[in-house]
Structure formats: structure tokens, C-alpha cells
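In: 3D, please:
(chains A and B)
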Amino acid sequence: GAVVSQHPSRVICKSGTSVKIECRSLDFQATTMFWYRQFPKQSLMLMATSNEGSKATYEQGVEKDKFLINHASLTLSTLTVTSAHPEDSSFYICSARGQGTYSNQPQHFGDGTRLSIL
Amino acid sequence: SQKIEQNSEALNIQEGKTATLTCNYTNYSPAYLQWYRQDPGRGPVFLLLIRENEKEKRKERLKVTFDTTLKQSLFHITASQPADSATYLCALLMDSNYQLIWGAGTKLIIKP
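Out: Numbering: from 1, shown residues only, chains lettered A, B, ... in the order given. Model (predicted):
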């Protein structure tokens, strides 16, 4: 149980392109989903927290107009990297916490999206 | 602000031995501490959670300890196997804002 599916797993595109990443909870309903960015040999960096039906809460330093997050249903959240540039190249990972679970409960992660901007 | 330190150098262990990974934190004691496993190119997978009032937690070959005096958690894998090779991340959940703060992880290599 508690499977999170993230697509695509890898994206290579030209500078200036907008890229959409999907995160789905397959067998549970996720009230809260998280978007992280991870650089090699570094810790997960939380970008934003999204709650179903409301606006995402962005961490300090994360441009909300650059990284658009939509959490329209209890099983789907999307991250759109708008007008991507080479410095946006990274490993993006989503996670979800089950509906009705306490904040101390573990997060369930997707397998990440490797984004490469040429 | 809260900082987490995990050994940045890879840990090489002979198969069958016990592997011990360390997670040290500064400042406030977290309400909960979680350990995850991450394989290359994959998302983290939850392993164990320990609360601040718990000293030890076990799950099969895994054991986690939590020492709030030393501000340290130890993660043990007994009878280690090559399949245990991965990066292990510790994450602290602060009581104040229920946000997870992540360590950078320690790469564990189990040699056959």
C-alpha cells in the first residue's frame, strides 16, 4: 500500500520550455503533498507544501511564479517548471501523506523526475 | 536553526557484520525522528520512526536508537547484506511546525 507514482521519470528539454511533473497517490487519498528538490549528495530541499483545494505554501527563496503547483484532487498534484533554464536542472521528488494521518506520520515518495535543461 | 549531520563519507562494511550509521542534530530535540532508504535515482523509502520519549525501536534486522542528551540517533543493520547497500537519510520532525528537516544521507556499501 501507499504507492506514489511520479511522471515523467526523466525530461530533457530546451531552455525556455515549460515542464509539467505529475504526482499521483495510487491507493490512498493524500490531503497533503510535498515537492522537493535534491542535488547530488545533498539533502532533500523542501520547495513547497500543497494541500488539496488550496494554494501551495512555498518555502523561502522558492519562486511561486516559476514553480507552479496545483493540487486539484486528493490523488493528484502537479509541479510546472515554467520557462525552465539550465539552473533548474535537478532531481525533483514528490511525496504524500495520507488523508487523516497525523503530521508525524511518514511521507510516501515518488521515484523522482530527473530534469535536464539544455 | 536546526542542523542535521550525517557522515558524508561512504561507509564500507563486510557482509554479515553490523552497520551503524549516525545522525547528529543541533539545537532543539525533535518530536520524531525518521529513517529512510534511498537508492540511486529513486525516491526515499520510509524505514523506521522513533519518538523523543522512545529509546529504541526495532524492525527485523533494523534498530534505531534516540539519545536526546547526546542529540543523536544511531541506525543499525545487523547481519548486513549487499542488498542493504544504499543511501540512508535521517529526517527530524519538529514539534513547532511539523516540518521535516533532512540530513544529506550516508552511503552504505556492503561488500560480499
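
In: pLDDT wise, what is the residue nearest the centre of chain A at?
Out: Among the residues of chain A, the one closest to the centroid is residue A:35, at 3.3 Å (Cα atoms, centre = their mean). pLDDT for residue A:35: 96.

In: contacting residues for it?
Out: Applying Cβ atoms under 8 Å, 6 or more residues apart in numbering or on different chains, we find residue A:35 in contact with A:23, A:46, A:47, A:48, A:50, A:67, A:69, A:77, A:79, A:92, A:93, A:94. Using the backbone N, CA and C atoms, a C-beta is placed for each residue, glycine as well.

In: Specify the beta-bridge partners of it.
Out: In this entry, residue A:35 is beta-bridged to residue A:48, residue A:94, by DSSP bridges.

In: Nearest to chain B among the contacts of residue A:35?
Out: Proximity to chain B was ranked across the contacts of residue A:35 by Cβ to the nearest Cβ; first place goes to residue A:93, at 5.0 Å.

In: which residues of chain B score low on pLDDT?
Out: B:95-98 (pLDDT under 70).

In: State the pLDDT value of the nearest residue to residue A:51 once chain neighbours are set aside.
Out: Once flanking residues are discounted, residue A:51 sits nearest to residue A:32: 5.4 Å by Cβ to Cβ, 6 or more residues apart in numbering or on different chains. Note for residue A:32: predicted pLDDT of 87.

In: Contact partners for residue A:32?
Out: Residues near residue A:32 by Cβ under 8 Å, 6+ apart: A:49, A:50, A:51, A:52, A:96, A:97.

In: and it, how far is that from residue A:94?
Out: Remark: distance between residue A:32 and residue A:94 (Cβ to Cβ, to the nearest Å) = 11 Å.

In: before we move on, the earlier item: now the contacts of residue A:32 in TSV, with pLDDT?
Out: Formatted as TSV, the contacts of residue A:32 follow (pLDDT from 0 to 100):
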residue	pLDDT
A:49	92
A:50	89
A:51	85
A:52	81
A:96	91
A:97	84
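
In: pretty sure residue A:27 contacts residue A:2?
Out: Yes: with contact defined as Cβ atoms under 8 Å, residue A:27 reaches residue A:2; the gap is 6.8 Å.

In: neighbour count winner among these two?
Out: Shown here are residue A:27 and residue A:2; by other Cβ atoms under 10 Å in any protein chain shown, residue A:2 has more neighbours (16 against 12).

In: What sits closest to that one if chain neighbours are left out?
Out: In space, and not counting its chain neighbours, residue A:2 is closest to residue A:108: 4.4 Å by Cβ to Cβ, 6+ apart.

In: My read is that that neighbour contacts residue B:46, right?
Out: Yes: counting by Cβ under 8 Å, residue A:108 touches residue B:46, with 7.1 Å between them.
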